[in-house]
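Q: build me a model from this:
(2 chains)
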Amino acid sequence: MSLPNLLIHPGHPDFLDLPWDESVSDWEHDRIVEMPAGVHRHPVVFVAYDEGVYVVKELPHHFAQNEYSVLTELENRTYRSAPPVGLVHRGWVDDSEEHSAAVITQYVTHTFPYRRLIAGIGFGKRRARLLDSVAGLLVELHLAGCYWGDCSLSNLLYRYDGGAIEAVMIDAETSYLRETLSDGQRLEDLEVMKMNLAGEMADIAAEKGVGIDQADLRLGEDVEATYLALWEELNADLIITRDEGFRIRERIARLNDLGFSVDDVELDPTDEGNLVQMRVHVGNRKFNSDRLRQLTGLAAKENQARLLLGDLSYFLAKNGYASDAHRAVGVFAWLSGVYEPIVSQIRTVWPGDDPVQGYCDFLHHRMRLATERGFDVENDEALSSWMESGFPGFD
Amino acid sequence: MAQIVMEGLGKIYDDGTRAVGDVNLEIGDGEFLVLVGPSGCGKSTVLRMIAGLEDITEGTMSIGDRVINDVAPKDRDIAMVFQNYALYPHMTVRDNMAFGLKLRKMKKEEIDRRVNEAAEILEITDFLERRPRALSGGQRQRVAMGRAIVREPAAYLMDEPLSNLDAKLRVQMRAELERLHTRLGTTTVYVTHDQVEAMTLGDRVAVLRAVSDNRPFNLQQVGPPAELYASPDNLFVAGFIGSPPMNLTYGHLESENGSVFAKLPNTRLKIDQAALDHHPGLESHTGQELVVGLRPSALEAAVVGGSDPERSMMATVDVTEMLGADTYIHFTVDRAPVVTPDIEELLADTGQSASSLGDTTNFIARVSPDVQVRHGDNVELVVDTSKLHFFDKTSGERIGAK
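A: All right, here's what the predicted structure looks like:
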């Protein structure tokens, strides 16, 4: 059996038992597993090891090399891309051939392809959440200096994140990284995205036997509008007078509310020192998930963390743990008396694969009950109601 | 009108690194211009500056009569070709080509006109109502091209579009691109590191080289392929254009009885009047050492011995390469390889020093396939002395270059 050149990150299997002398399309191996996947331009298989499930994608060597290096560097800059694990080069195959190389990535848990979100020829109620997720991801990638060059719905995977949807970049063969992107690079990336999304929406319409005129060709333009509003929010310079320091705190609070951490605040005197120009250097969009981890040790996605922190704050205030002195005790009481017992029940009965998301769905149901009744509903009652109602989510 | 004009174009990154300097280039309306050079020479950066992906930090860029330095990419009326090959499986070929225009809210009649015209040019009219899966690989690539063509942009930009194709398909696609350009007549800027591709495709070729501290400009020479081959402005272009590359060695210029001679390690060649005319002022270098260049095609094996010694040289064959239409004879001349400051810089770039190059210089002669010689044979090579090239050994510039 011919063995390719393998470059593997430490902490993962060596993948030597896979039949590398054949193209992955021809693989018949007991490590291959079926996982939810979208339409791929290149052959893709999923393989299971004790360490987890991995994705093997075959593509010409040049593209594979680029994708592997971009994903590797991107891992240091953002966490919304597929974690790279290895690069495989079949030296005996011409580098221009589709099966000359492969990129191995970690399977991103709890994800699904965009076609699972489709209702009819479009996304129905989920449309707004989908476009928020794509726009948010593009903003994060651009802040990280990544020009994608091929943003499309099928080059992303999605997962529920509280009441939102989180998008994860899984394809980087046309991407490159810079210290910062030029406006031209960002705008061109949006143009490519708009064209790709229009093509995908037109294709869905064609698949359903509907004419191109009925397709949701505006989806990409709406993603662009959301992107531009968010980019402006994150990057706009603020000019304040010397005694308006509270506006700096307001701005930071607003950015944190959007989930972005603030790395630095730059203040430059202007107008002969009468005014101050404020520029914010925005970090990753995981302000809430970092804060939740610091407070509780829990790992959650950004919007899930925002909901859990809301629940925690409510618990602390209601039970007299709001002061700094009592907060640590209150956090422990919430974890042991509320969160963990409920999540443990969720694990046994909930059909989903992400119990944190189950907890968020439960919180959403509890809020809905309280709104309908006009008063607080106890957790036990809300949990029973949620289970009896068939675990309703955010739809 | 889609003339592209660069005046004093430069790009300095935020960290102070200069990628592009002082590029002055006029690309005519409808012209196919190739930017060629080794990796890191700035060719892709220049292309991305035309596309609007890289900010212009010095000089101006115009398309038509409009300066576009600050114009967004989508408003420049240009199309990057082959950026995305995605064809949508459930849509017909027609819809695959049309949806982008639909997105731009173009009228149906105009969309139909453009799609039909593009299909005719690409010879895929018969497939317009089919799905992509019913097409061959080559036909699918034409549909992908069709998506760019229906936009009817002022210019096409292509960044190494064939680099990932296998050799056979690359040759096919090269011919296809040439044919397409002839039909469309649209201004095209094409980037490649492959000088053979550059020479076969371009109306004109611009040779670029990475900037350095003492050479803050990229553009080495621009001209039709034949001009670059016949009259390279400097040693960089001489070495880069042509395959196999030009043979270079040191030679003394000597004068005798009204004739001018080049004294080379293996021979003393009488310089033909055509070569003198090609290098105005060459005679004034008599008594000096210059760099002399001979294309492999300017050497031919003598059919019979006893050729004019002033137009021939003897060689001991190291290796022969039989390529079918030609045979390459590899031999050495007894002189250390040419090392100008330019070449020293290139050596430094690759971590080598001049002394590592040895005491002899490798030469190649491209001869008729009928010539039967083997390793160790002595062969008499006739030199076309009208095609000798002369360069200043310090500056590397062609003698008499404008």
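
Q: report how many residues lie close to the closest residue to B:Glu129 other than its chain neighbours.
A: For B:Glu129, ignoring the flanking residues on the chain, the nearest one in space by Cβ to Cβ, 6 or more residues apart in numbering or on different chains is B:Thr92 at 5.3 Å. Every C-beta, even on glycine, is put in place using the N, C-alpha and C of the backbone. Other residues within reach of B:Thr92 by the criterion other Cβ atoms under 10 Å in any protein chain shown amount to 18.

Q: check B:Pro369 too.
A: 11.

Q: same check on A:Asp290?
A: Other residues near A:Asp290 come to 14 when the count uses other Cβ under 10 Å.

Q: next one: A:Glu58
A: Residues contacting A:Glu58 under the criterion other Cβ under 10 Å number 22.

Q: how close does it get to B:Gly239?
A: Using Cβ to Cβ, to the nearest Å, one obtains 38 Å as the distance from A:Glu58 to B:Gly239.

Q: kindly provide the distance from the spatially closest residue to A:Asp14 that is not a sequence neighbour to chain B.
A: Across the structure, with Cβ to Cβ, 6+ apart as the measure, the residue nearest A:Asp14 apart from its sequence neighbours is A:Ile8 (6.2 Å). Separation of A:Ile8 from chain B (Cβ to the nearest Cβ, to the nearest Å): 25 Å.

Q: strands along chain A, start to end?
A: Taking DSSP state E as the test, the strands found in chain A are A:5-8, A:32-33, A:44-49, A:52-59, A:84-89, A:101-106, A:146-147, A:156-161, A:164-169, A:176-177, A:238-241, A:262-270, A:275-282.

Q: can you redo these as JSON lines with mean pLDDT?
A: Rendered in JSON lines, the data for the strands of chain A read as follows (pLDDT from 0 to 100):
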{"stretch": "strand A:5-8", "mean pLDDT": "94"}
{"stretch": "strand A:32-33", "mean pLDDT": "94"}
{"stretch": "strand A:44-49", "mean pLDDT": "95"}
{"stretch": "strand A:52-59", "mean pLDDT": "95"}
{"stretch": "strand A:84-89", "mean pLDDT": "96"}
{"stretch": "strand A:101-106", "mean pLDDT": "96"}
{"stretch": "strand A:146-147", "mean pLDDT": "96"}
{"stretch": "strand A:156-161", "mean pLDDT": "91"}
{"stretch": "strand A:164-169", "mean pLDDT": "92"}
{"stretch": "strand A:176-177", "mean pLDDT": "94"}
{"stretch": "strand A:238-241", "mean pLDDT": "87"}
{"stretch": "strand A:262-270", "mean pLDDT": "84"}
{"stretch": "strand A:275-282", "mean pLDDT": "85"}
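
Q: point me to the residue of the stretch 301-402 of chain B nearest chain A.
A: Minimum separation of the stretch 301-402 of chain B from chain A (Cβ to the nearest Cβ) falls at B:Leu323, amounting to 20.4 Å.

Q: now do the same for that residue: its pLDDT.
A: Per-residue confidence for B:Leu323 comes out at a pLDDT of 90.

Q: one more: B:Asn84?
A: As summarised for this prediction, B:Asn84 has a pLDDT of 55.

Q: same check, this time on B:Phe32
A: Per-residue confidence (pLDDT) for B:Phe32: 96.

Q: pLDDT weak spots in chain A?
A: For chain A, residues meeting the criterion pLDDT under 70 lie at A:1.

Q: if we go to 80?
A: Residue ranges of chain A with pLDDT under 80: A:1-2, A:36-41, A:119-121, A:242-243, A:245, A:322, A:395.

Q: which helix runs longest in it?
A: Of all the segments of type helix in chain A, defined by DSSP state H, the longest one is helix A:183-207.

Q: which strands or helices does it pack on?
A: Using 3 or more Cβ pairs under 8 Å, 6 or more residues apart in numbering or on different chains; DSSP states H and E as the contact criterion, the secondary-structure elements in contact with helix A:183-207 are helix A:127-143, strand A:146-147, helix A:219-235, helix B:93-103.

Q: so how far is that helix off the chain centroid?
A: Taking Cα atoms, centre = their mean, to the nearest Å, the mean C-alpha location of helix A:183-207 is offset from the chain mean by 19 Å.

Q: what's the angle from it to helix A:127-143?
A: Compare the direction of helix A:183-207 with that of helix A:127-143 by axes from the mean of the first three to the mean of the last three Cα atoms, to 10 degrees and you get 150 degrees.

Q: and helix A:183-207, what's buried?
A: Along helix A:183-207, these residues count as buried under the neighbour rule (16 or more other Cβ atoms under 10 Å in any protein chain shown): A:184-190, A:192-206.

Q: same question, stretch B:127-136
A: For stretch B:127-136, by 16+ other Cβ under 10 Å, it's B:Phe127, B:Leu128, B:Arg131, B:Pro132, B:Leu135.

Q: which of those are close to chain A?
A: Restricting these to those within reach of chain A (Cβ under 8 Å from any Cβ of the partner chain) leaves nothing.

Q: list just the nearest of the residues you listed to chain A.
A: Taking Cβ to the nearest Cβ as the measure, chain A sits nearest to B:Arg131 out of the buried residues of stretch B:127-136, at 8.9 Å.

Q: quick check: A:Val44 touching A:Leu59?
A: No - contact status for A:Val44 versus A:Leu59: not in contact, 9.7 Å apart, counting by Cβ atoms under 8 Å.

Q: can you give me the helices for the stretch 51-200 of chain B?
A: For the stretch 51-200 of chain B, the helices defined by DSSP state H, counting those that start in this stretch cover B:93-103, B:108-122, B:137-149, B:167-184, B:195-201.

Q: most tightly packed of the ones you listed?
A: Each of the helices of the stretch 51-200 of chain B was assessed for mean neighbour count using mean count of other Cβ atoms under 10 Å in any protein chain shown. The highest is helix B:93-103, with a mean of 23.

Q: so does that one get close to chain A?
A: Yes - using Cβ under 8 Å from any Cβ, a contact is recorded between helix B:93-103 and chain A, made by B:Asp95, B:Asn96, B:Ala98, B:Phe99, B:Gly100, B:Lys102, B:Leu103.

Q: may I have the phi/psi pair for residue 320?
A: Because you didn't say which chain, this covers chain A. A:Gly320 adopts backbone torsions of phi 70, psi 30, taken as degrees, to the nearest 10.

Q: should've been chain B
A: Note on B:Thr320: its backbone torsions stand at phi -120, psi 140 [degrees, to the nearest 10].

Q: burial measure for it, as a count.
A: B:Thr320 is flanked by 19 other residues according to other Cβ under 10 Å.

Q: residues in contact with it?
A: Listed by Cβ atoms under 8 Å, 6 or more residues apart in numbering or on different chains, the contact partners of B:Thr320 are B:Thr327, B:Tyr328, B:Ile329, B:His330, B:Val373, B:Arg374, B:His375.

Q: Three-state assignment for the second one, please.
A: The one in question is B:Tyr328. State at B:Tyr328, reduced to three classes by DSSP: H, G, I helix; E, B strand; the rest coil: strand.

Q: okay, it: pLDDT?
A: B:Tyr328 carries a pLDDT value of 95.

Q: which residues does the residue nearest to A:Asp14 bridge with?
A: Beta-bridge pairing of A:Ile8 under DSSP bridges involves A:Gly86.

Q: what distance do you get for it to A:Pro84?
A: Remark: distance between A:Ile8 and A:Pro84 (Cβ to Cβ) = 10 Å.

Q: how about B:Lys263?
A: B:Lys263 is 60 Å from A:Pro84, where distance means Cβ to Cβ.

Q: in terms of neighbours, single out the busier of the two.
A: Between B:Lys263 and A:Pro84, counted using other Cβ under 10 Å, the more crowded position is A:Pro84 (22 against 14).

Q: before we move on, the earlier item: quick one: closest of the strands of chain A to A:Asn379.
A: strand A:156-161 (21.3 Å; Cβ to Cβ).
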